[in-house]
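> here is my input, please return the structure:
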Amino acid sequence: TTRQVFSLHLTKVPYEATQTDIRCAFSEKGCYVTSVRLVYDRKANGERNFRGVAFVDLGDEASFQKGLALHGTKFLGNKYNVNVRPTKSKGELTDIV
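Coordinates of the predicted model:
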């Protein structure tokens, strides 16, 4: 059987945010976070710049729903509202493109 994945896609995350910051923000809302992945741009000189995009994997449906509730809220002191959406699977993305 395939294990259900509870993954959220975040955009408009503050550029100075760390994996720990994001994990703590979700944990404070009662979410069981299993992993946080940040998306970086890689420059020609080897430096990495955080793009303000992250993926948060959660341990259960209740955490997933609590995480979705962060959509449109001020996040980690950012002046912009964070976007929180369910992560699309590769199959779902293929259907769109």
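
> distance from the chain centre to the longest helix along the chain, please.
In the chain, assigned by DSSP state H, the helix with the most residues is helix 19-28. Centre-to-centre, helix 19-28 and its host chain are 10 Å apart (CA atoms, centre = their mean, to the nearest Å).

> which other helices and strands contact that helix?
With contacts defined as 3 or more CB pairs under 8 Å, 6 or more residues apart in numbering; DSSP states H and E, the packing partners of helix 19-28 are strand 33-42, strand 48-58, helix 61-68. Bear in mind the C-beta positions are built from the backbone N, C-alpha and C, glycine included.

> can I get those in CSV including mean pLDDT and mean neighbour count?
Below are the helices and strands packed on helix 19-28 laid out as CSV (pLDDT from 0 to 100; neighbours: other CB atoms under 10 Å):
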stretch, mean pLDDT, mean neighbour count
strand 33-42, 94, 14
strand 48-58, 93, 17
helix 61-68, 95, 17
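
> centroid-nearest residue for this protein?
residue 55 (3.2 Å; CA atoms, centre = their mean).
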